[in-house]
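Student: Predicted structure and sequence below. I'll ask about it afterward.
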Amino acid sequence: MLSSPDLSFSRNLPLVVFNQLEELLQQMAQTVGNNTLIVTEALLARIRIPVEWQIQRFTLVASEGFSALLVGNQEQGSRGAEEPGNKGAGEEEVYSALYVSLTFNFEAIASFIAKLRDLFECDSHTHQNLERYRQIIGLNDVTLQSKFTFLLLEYLLPLQNQELTESSSENEPGIYICQPVEDALKKQISQERLLNQVTTQIRKSLDLPVIMATAIAQVREFLELDRIVIYKFESSRVNQQATLNGQISPQPPMQDSQNYGGCIVYEARATDAIPSVLHYTEKNCFIRTSQCWEKYRQGFTLAVDDVEKAYALEECLLNFLRESQVRAKLAAPIIFEDKLWGLLIAHQCNNSREWVESEKSLLSSIAEQLAIAIHQAELMRSLTQEKQTLEQRVIERTMALRDALLAAEAASRVRSEFLATISHELLTPLTYVIGMSSTLLRWPLGELSQRQRDYLQTIHDSGEHLLEMINDILDLSQIEAGKTVLNITEFSLINIAENTLESLSEKATNQRINLKLDLQINPQRDRFNADAERVEQILWNLLTNAIKFTPEGGSVTLRLWVEDDTAIFQVEDTGIGIPEEQLPLMFEKFQQLDTPYRRRYEGTGLGLALTKQLVQLHRGRIEVESTVGIGSIFTVWIPAQPMRVLSQEC
């Protein structure tokens, strides 16, 4: 928050007062911080300077948060007989009083620094440092300005009392040497107190109407105004069409009123006798004054002491101001997000009024605070709207996901029931096919030709393969439907591994695959609790898959060990490997390796999906590592199960 103080003054002061003001500024500079420039006329001792600088004393404080300039010039006849430039070496000029100026206006301070900078060579460090500080100074921070204001007031009041005492002792009327400064300080303090009240209200409340109404009521009372209003522009086209100059109208524009214009949205009046202009809008006669729009947008504050003189040649506007009972006005822009949101307008209704700089500064500062309140309220409104929108989207998305989940569950249930039903229906005729073909292969009566035997063998093998697929579908459907129950028993891990390898030894031999068993288990930890049949099914599926994808001459190894209460099975092969991009699909249903492998290696893609479901049914996990052309490693972790019947819905 920045302050634009109107505390500059110029006055003849005793030298002792000037010296104490210097001390106050140096004390304040130490409070501001390390990155503060403090310069006095002593800086000029080592260079040749013009005569006007020789009779001048100054103290400059420059920083980003607080800047001040104290300048003292010799009064005529206030020094000895020696003229500037004629004093001898080592001699000092003695002044009884100085004409003192104290200002906090950053533009005046920057101008002084520029003149001081030009006294030094361009390539000197002093020149460069002065230029750097000239560029960083700006409006003073309110807190720092208030601190110095109170510090200065604490100094001036005792001084004033001392002057009054001395005057009384000499039977002379009191001379208020510092009265203008004291008055300016008191006014500054009152303005800062008002700004702090408005700022506090903004921090405490997010209710924009309350903030606006409270702020304009306080400003009206402080400035003793007849009326103060807030004018809000309705749309962006008013930027190009009208500037309004803070004007109001009881009637809307006759043309394009929906595209541009504005309205009085807040009002505070001294008495009910002052006519109300609340909700008034502009008339067409204000459109031609659009040249003021750009000034407002750049922060221009319009002060009209007497509308009768200022608008003597603008009959339309003057007539309206007369109707609205406006004799003098002061308008400050309210700029929100680099756009002209509206105007804060002070009205004097019956008499002309000469607006002073402090009043312009105050109205401009209040307008800045109102812009902050608008931004705060707009941000809260946006956040609330976004929150409501997000909540609505979450509700809609949740309902959509719930509906989709219910539909997916229903579809999955129907699919599983269909597969189970059709599989059961296929089992009966398939059993006859397998049984009768097996019987014919062993038929004792009559000899079968080789072709007949081959046909029967093909029928029998195809039936066995089809039976295997149907059993996988039934198992998968039962697990997905949550109907699978684990039969937990105690069994030997070594025996189940050996039995599985033995059941596949003939298949491995026929395909010239070296099938190996690597037992890394302590015989004392051989006993294990789980569903033995399902564990054997897991191993059988993994070993069958490894044998199928391992070329002739390759090897398949089953490793087994126990860690804590978890049995770990690992199936390693030297097969064709799995591409990295296909690894995430390995355990999905009906997924197979891409061509050309799909045509070469038959299968439905249910084996690994069923294996993963069986592992998860034991609350275990399965992982795969694979390199194309080298082989794959499937690792299964199965924790020991409590000795009770478990049922889990996958």
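Tutor: Cool, got the structure. Numbers count the residues shown, from 1 in each chain.
Student: The host helix or strand of residue 633: which residues count as buried?
Tutor: Assigned by DSSP states H and E, residue 633 belongs to strand 631-639. Judged by neighbour count (16 or more other CB atoms under 10 Å), strand 631-639 contains these buried residues: 631, 632, 633, 634, 635, 636, 637, 638. Quick note: C-beta positions are derived from backbone N, CA and C, even for glycine.
Student: How about stretch 44-64?
Tutor: Residues 44, 53, 55, 56, 57, 58, 59, 60, 61, 62, 63 are the ones in stretch 44-64 that count as buried (16+ other CB under 10 Å).
Student: I'd like those as a markdown table, with distance to residue 438, pLDDT and secondary structure appended.
Tutor: Below are these laid out as a markdown table (distance: CB to CB, whole Å; pLDDT from 0 to 100; DSSP: H, G, I helix; E, B strand; the rest coil):
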| residue | distance to residue 438 | pLDDT | secondary structure |
| --- | --- | --- | --- |
| 44 | 120 | 89 | helix |
| 53 | 123 | 90 | helix |
| 55 | 129 | 86 | coil |
| 56 | 124 | 90 | strand |
| 57 | 123 | 92 | strand |
| 58 | 118 | 94 | strand |
| 59 | 116 | 93 | strand |
| 60 | 112 | 94 | strand |
| 61 | 109 | 93 | strand |
| 62 | 106 | 92 | strand |
| 63 | 102 | 90 | coil |
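Student: what's the farthest-apart pair in those?
Tutor: Distances among the buried residues of stretch 44-64 were taken as CB to CB; the most separated pair is 55 and 63, at 28.0 Å.
Student: so which of the buried residues of strand 631-639 comes closest to residue 198?
Tutor: For the buried residues of strand 631-639, with residue 198 as the reference and CB to CB as the criterion, the closest is residue 637, at 67.9 Å.
Student: show me the contacts for that closest one.
Tutor: The contact partners of residue 637, by CB atoms under 8 Å, 6 or more residues apart in numbering, come to 566, 567, 568, 615, 620, 621, 622.
Student: now residue 10
Tutor: 99, 100, 101.
Student: among these, who's most crowded?
Tutor: Using other CB atoms under 10 Å as the neighbour criterion, residue 100 leads the contacts of residue 10 with 21 neighbours.
Student: from what I can see that one touches residue 71, true?
Tutor: Yes: in this structure, residue 100 is within contact of residue 71 by CB atoms under 8 Å, at 7.1 Å.
Student: Could you count how many residues lie near residue 308?
Tutor: Counted with other CB under 10 Å, the neighbours of residue 308 add up to 14.
Student: And the helix or strand hosting it, what's buried?
Tutor: Using DSSP H and E, residue 308 sits within helix 307-310. Buried residues in helix 307-310, defined by neighbour count with 16+ other CB under 10 Å: 307, 310.
Student: What is that helix packed up against?
Tutor: With contacts taken as 3 or more CB pairs under 8 Å, 6 or more residues apart in numbering; DSSP states H and E, helix 307-310 sits against helix 315-323.
Student: Check which residues of the helix it packs on are buried.
Tutor: Using 16+ other CB under 10 Å as the test for burial, helix 315-323 gives 317, 318, 320, 321.
Student: what's the single longest helix in this protein?
Tutor: Looking across the chain with DSSP state H, the single longest helix is helix 357-441.
Student: the strands in the stretch 101-250 of the chain, which residues?
Tutor: Assigned by DSSP state E, counting those that start in this stretch, the strands in the stretch 101-250 of the chain fall at 140-141, 227-233.
Student: make that the stretch 401-550 of the chain, sorry
Tutor: Counting by DSSP E, counting those that start in this stretch, the strands of the stretch 401-550 of the chain are 485-486, 489-492, 514-519, 527-530.
Student: would you turn the buried residues of helix 315-323 into TSV with distance to residue 577 and pLDDT?
Tutor: Listed next are these as TSV, based on distance: CB to CB, whole Å; pLDDT from 0 to 100:
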residue	distance to residue 577	pLDDT
317	88	78
318	93	83
320	89	80
321	90	85
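Student: which two from these end up farthest apart in space?
Tutor: Taking CB to CB, the two most distant members of those are 318 and 320; they sit 7.3 Å apart.
Student: about what we covered before: save the buried residues of stretch 44-64 as a markdown table, and put in distance to residue 35 too.
Tutor: Shown next, in a markdown table, are those (distance: CB to CB, whole Å):
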| residue | distance to residue 35 |
| --- | --- |
| 44 | 23 |
| 53 | 27 |
| 55 | 32 |
| 56 | 26 |
| 57 | 25 |
| 58 | 21 |
| 59 | 18 |
| 60 | 15 |
| 61 | 12 |
| 62 | 10 |
| 63 | 6 |
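Student: now, which of those sits nearest residue 422?
Tutor: For the buried residues of stretch 44-64, the nearest to residue 422 is residue 63 (86.5 Å; CB to CB).
Student: Spatially, which residue comes closest to the closest one, not counting chain neighbours?
Tutor: Once flanking residues are discounted, residue 63 sits nearest to residue 36: 4.2 Å by CB to CB, 6 or more residues apart in numbering.
Student: give the contact list for the one you found.
Tutor: For residue 36, the contacting residues are 29, 30, 61, 62, 63, 66, by CB under 8 Å, 6+ apart.
Student: repeat for residue 516
Tutor: Counting by CB under 8 Å, 6+ apart, residue 516 touches 555, 556, 557, 558.
Student: Just confirm the last one is within a strand.
Tutor: Yes: inclusion of residue 558 in a strand is indicated when DSSP: H, G, I helix; E, B strand; the rest coil is applied.
Student: tell me, how many neighbours does it end up with?
Tutor: Per other CB under 10 Å, the neighbour tally for residue 558 reads 22.
Student: any idea which residue sits dead centre in this protein?
Tutor: Nearest to the mean C-alpha position of the chain, counting by CA atoms, centre = their mean, stands residue 383 at 11.8 Å.
Student: so what's residue 517 bridging to?
Tutor: Residue 517 forms beta bridges with residue 558, as assigned by DSSP bridges.
Student: Dump the contacts of residue 637 into CSV; add distance to residue 528 and neighbour count as well.
Tutor: Formatted as CSV, these follow (distance: CB to CB, whole Å; neighbours: other CB atoms under 10 Å):
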residue, distance to residue 528, neighbour count
566, 10, 15
567, 5, 25
568, 11, 16
615, 15, 20
620, 12, 21
621, 17, 14
622, 17, 20
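Student: Give me the subset of those residues that lies in helices.
Tutor: With helices defined by DSSP H, the entries of the contacts of residue 637 inside them are residue 615.
Student: Closest to residue 337 out of the contacts of residue 637?
Tutor: The shortest gap between residue 337 and any of these belongs to residue 621, at 54.4 Å (CB to CB).
Student: any idea what sits nearest that closest one, other than its immediate chain neighbours?
Tutor: That would be residue 637: by CB to CB, 6+ apart, it lies 5.3 Å from residue 621.
Student: Verify the contact between residue 354 and residue 305 for me.
Tutor: Yes: look at residue 354 against residue 305 with CB under 8 Å: they come within range, at 5.2 Å.
Student: Which one of those two is surrounded by more residues?
Tutor: Set side by side, residue 354 and residue 305 show more neighbours around residue 305, with 16 against 9, by other CB under 10 Å.
Student: Does residue 312 touch residue 318 like I think?
Tutor: Yes: Residue 312 lies in contact with residue 318 (CB under 8 Å); the separation is 7.0 Å.
Student: And the contacts of stretch 222-232?
Tutor: With CB under 8 Å, 6+ apart as the test, stretch 222-232 has contacts from 190-191, 194, 212, 216, 219-220, 244, 246-248, 262-270, 274, 277-278, 334, 341-350, 359, 362-363, 370.
Student: That concludes my questions; thank you for your assistance.
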